[in-house]
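In: Quick one, structure for this:
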Amino acid sequence: GKRRAYLAKKGEKLVGRGLTRGNWFAVVDGKSEAVFEGAFKGTMIFSPDSNRVAYVALKGSKWMAVVDGLEDAKYDLISPLPVFSPDGKHLVYGGTQGTASLSMAGDQDNSRVSVDFKQQSATVVVDGHTVGEYGDFNSPSFSPDSKHLAYKVKKSEKWSVITDGHEGPLFDGIDRLTFSPDGKRLGYKAKVGEKWMVVVDGQAGPLYDEIDGISFSPDGKHVAYGASKSEKRMVVVDELAGPEYNGIVKGAPNFSPDGVLEYLAIRNGSLYRVKWAPAAQVTKTLAPTKRSSLQPARAPRNPVNPH
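Out: Next comes the predicted model:
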């Protein structure tokens, strides 16, 4: 049957950034668990298979994750919040140490608190065990098959991606951690100075002014992303840049279930439908953008790839 869990409260209220205080207790499948002094709203989560449950609670002056009714280690703050793997067997979250300054406003019945938290360190916690401590930690991501875990950490003002405990190179910024559908490959955006690149399987790609999203083909063999350089837009597939356009419609490209990549692009007032497949890439002109509405024009009999 369906499972139900929620956090209930009795007592005074103190609200700020999701923080509430009083006499809190968790109710899981109709049974009450331990009483706490506070809780973060919206932190009660089930694993994808509904067999496990976790939430964040305040005990004394410290925050902790409570997983399947068991209390984990206490920290000044829990961030990022707990995340289950797709198979529900693993859980990751961040335990943060620092100092918090509280300022209150309002009356007794409607009090509010502003929290200014100065972070000193961030601990990565996986399945209840500490696996590392860094200046900052966020964006934990499990692979679709739950066999791999990746996240980004901050070290000496630089960022690195850690995958299954192995630390990658340092960059000025990191974003968009993306696993392939089969879970065997990992890609992400990395910033070098004012430029961006895509790193796939630890291999750095070419530098661009900006990068939009990362997409893997369904079989995981190909990777594509949108990029810009000198005010020109293009789609890069397997590190090979496609034709340059004035714009790419709807940002990053995506693969269809059969592995074909298709997107719309604009060049010199005309709209193009660009189709990429592992064996060939074909570009067809649809219609000039100068028309009041974009209606497909007759495609040429022998489509070519304009440059």
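In: List the buried residues of stretch 195-212.
Out: Using 16 or more other CB atoms under 10 Å as the burial criterion, the residues of stretch 195-212 that qualify are W196, M197, V198, V199, V200, G205, L207, Y208, I211, D212. For the C-beta atoms, the positions are set from N, CA and C on the backbone; glycine is no exception.
In: Need the residue closest to the centroid of the chain.
Out: Nearest to the geometric centre of the chain sits S139, at 5.3 Å (CA atoms, centre = their mean).
In: Contact partners for it?
Out: Contacts for S139 (CB atoms under 8 Å, 6 or more residues apart in numbering) come out as P80, Y151, K152, I174, L177.
In: low-confidence ranges in the chain?
Out: 1, 10-22, 41, 99-119, 251-252, 279-307 (pLDDT under 70).
In: same thing but 80
Out: Across the chain, the ranges flagged by pLDDT under 80 are 1-3, 5-27, 32-35, 37-43, 98-120, 250-252, 278-307.
In: quick one, helices of it?
Out: Assigned by DSSP state H, the helices in the chain number zero.
In: Compute the distance between the residue nearest to the centre of the chain and S146, please.
Out: For S139, the distance to S146 (CB to CB, to the nearest Å) stands at 17 Å.
In: Enumerate every residue touching K158.
Out: By CB under 8 Å, 6+ apart, K158 lies in contact with L170, F171, D172.
In: can you put those residues in TSV and add distance to Q120 and neighbour count?
Out: Shown next, in TSV, are those (distance: CB to CB, whole Å; neighbours: other CB atoms under 10 Å):
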residue	distance to Q120	neighbour count
L170	21	16
F171	23	22
D172	22	14
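In: wait, which of those residues is closest to V237?
Out: F171 (22.7 Å; CB to CB).
In: So in terms of bridging, what pairs with the closest one?
Out: W159 (DSSP bridges).
In: wait, it sits on K189?
Out: No: the criterion here is CB atoms under 8 Å, and F171 misses it with K189 at 9.1 Å.
In: Same list (the buried residues of stretch 195-212) but as JSON lines, adding distance to D49.
Out: Putting the buried residues of stretch 195-212 into JSON lines (distance: CB to CB, whole Å) gives the following:
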{"residue": "W196", "distance to D49": "37"}
{"residue": "M197", "distance to D49": "37"}
{"residue": "V198", "distance to D49": "33"}
{"residue": "V199", "distance to D49": "32"}
{"residue": "V200", "distance to D49": "30"}
{"residue": "G205", "distance to D49": "36"}
{"residue": "L207", "distance to D49": "42"}
{"residue": "Y208", "distance to D49": "40"}
{"residue": "I211", "distance to D49": "35"}
{"residue": "D212", "distance to D49": "33"}
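In: Show me the residues you listed that map onto strands.
Out: Among those, the members falling in strands (DSSP state E) are W196, M197, V198, V199, V200, I211, D212.
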